[in-house]
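[1] Give the three-dimensional model of this entry:
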Amino acid sequence: MELEFSEDQQELRSTVRAFLERECPMTLVRSVVEKGGPADELWTQMVDLGWPALTIGEDQGGLGLGFVELAVLAEELGRVIAPGPFVATVTQFVPVVRHTGTGEQQQRFLGAVAAGELTGALAIAGDVVASANDGSWTLSGTVRHVLDGDRANEVVVVATVGDRRQAFVVPGDQVQAQPTRTLDRSRHLATVTLDGVRVDDDRALTPDEDALDRAVEEATAALAIEIVGTCQSIFDVALAYSKERHQFGVPIGSFQAIKHKFADMLVALERARATAYFAAATIAEEDDRRTLAVAMAKAAAGDAQRLIAQEGIQTMGGIGYTWEHDMHLYVKRAKASDALFGTSSEHRARVARILGL
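    Now for the predicted structure:
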């Protein structure tokens, strides 16, 4: 397994970081948080750069790159807590359609994503039930905490059909989406309700539960590496403050107790990063360890955010709690992301089950 970044991947990171530092400043994030508006211009620029097409096959109009490249991009998005539909569309909607869609469905939906004409969302872990009709399906139920569930053009809804799960692509304007006020207001979460929504057979994805699980693993791993990026920013902000804040005539960063805090934070951060990129590599190479690796990555990311958020704010003292400082925005993103697609404790339990403990 290749565990070193290639020159192309390093160049991708440098290019993405330079773009986001220039086009996604904290003023943009604060505008979304305080006004609740979209980040349309940022998304348009991402489309122009071909980012939505990153992991979509060339035969559907995409770039055909792998999951490691997506992980690199996701980490950089996490560093700047970028708003917009990228995560919901590219790391959640796209994998499900790619893994469980027919060739025609992939061309129809993924081609539109690659062209920047479609945004998507994934509604999973709800109580939606689907029943077959003559040439169509009827879906009823509710799914909470759907990222961009109130804004996406298309929503992949995972429903129960008898004793199995199956995914359906539902037009966004056919679901009832109620925005949810959450801790992290830089993102849009919604409760999605389907009250007898009818979708045609050509919107029913292949009933392959293993393929669906693989798609969800990709979404989970992408979220884990995004959390790592956000934790890196929390670490950097706190470190910079510890060098500037003086007490007793010296920087507080020179105190042994503060050094110990940063040492612990760095260990947690690097552990989460290494685990997340190992998971990315297992996905990219279709390694049999991918299910275990993804669960470990999400658990490690959750552990990292818990420690780094706490110590980062404590290091900064009272200013870390103020609205005017950016620290709380990073902390809220990390905390909210930990709750999506399973918390660290839930994934740690999954690791135990996989290992037979």
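
[2] Val29 in helix, strand or coil?
    helix (DSSP: H, G, I helix; E, B strand; the rest coil).

[3] surely it meets Leu329?
    Yes: using CB atoms under 8 Å, Val29 is in contact with Leu329, at 6.2 Å. Quick note: C-beta positions are derived from backbone N, CA and C, even for glycine.

[4] can you give me the helices in the protein?
    7-23, 26-35, 40-49, 67-79, 86, 94-100, 103-105, 111-114, 209-244, 256-284, 290-316, 327-339, 344-355 (DSSP state H).

[5] And the ones you listed: which comes nearest Val129?
    Taking CB to CB, helix 209-244 is the member of the helices of the chain nearest to Val129, at 16.0 Å.

[6] In the closest one, which residues are buried?
    For helix 209-244, the neighbour count (16 or more other CB atoms under 10 Å) marks 211-212, 214-235, 237-239, 241-242 as buried.

[7] And it, what does it pack against?
    Helix 209-244 makes packing contacts with helix 67-79, helix 94-100, strand 164-171, strand 250-251, helix 256-284, helix 290-316, helix 327-339 when contacts are defined by 3 or more CB pairs under 8 Å, 6 or more residues apart in numbering; DSSP states H and E.

[8] now the angle from it to helix 256-284?
    160 degrees (axes from the mean of the first three to the mean of the last three CA atoms, to 10 degrees).

[9] before we move on, the earlier item: shared neighbours, Val29 and Leu329?
    Common contacts of Val29 and Leu329 (CB atoms under 8 Å, 6 or more residues apart in numbering): Ile81, Ser186.

[10] ok, the residue nearest to Glu21 when sequence neighbours are not counted - how many residues close by?
    Leaving aside its chain neighbours, Glu21 sits nearest to Val80 (7.2 Å; criterion: CB to CB, 6 or more residues apart in numbering). Val80: 23 surrounding residues under other CB atoms under 10 Å.

[11] Relative to Gln92, how far out is Val80?
    20 Å (CB to CB, to the nearest Å).

[12] so who does Ala238 touch?
    Counted by CB under 8 Å, 6+ apart, Ala238 has contacts Phe262, Met265, Glu311, Gly312, Ile313, Thr315, Met316, Met327.

[13] again, 6 Å this time
    Listed by CB atoms under 6 Å, 6 or more residues apart in numbering, the contact set of Ala238 reads Gly312, Thr315.

[14] show me the contacts for Ile319.
    Here Ile319 is in contact with His325 (CB under 6 Å, 6+ apart).

[15] Now that we're looking at it, what pLDDT does it have?
    The score at Ile319 is 86. That number is its pLDDT.

[16] what does Glu2 give?
    68.

[17] any weak-confidence spans in the stretch 151-300 of the chain?
    Nowhere does the stretch 151-300 of the chain drop to pLDDT under 70.

[18] still on that earlier bit, export the helices and strands packed on helix 209-244 as JSON lines, with columns for mean neighbour count.
    Below are these laid out as JSON lines (neighbours: other CB atoms under 10 Å):
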{"stretch": "helix 67-79", "mean neighbour count": "25"}
{"stretch": "helix 94-100", "mean neighbour count": "25"}
{"stretch": "strand 164-171", "mean neighbour count": "20"}
{"stretch": "strand 250-251", "mean neighbour count": "12"}
{"stretch": "helix 256-284", "mean neighbour count": "19"}
{"stretch": "helix 290-316", "mean neighbour count": "24"}
{"stretch": "helix 327-339", "mean neighbour count": "23"}
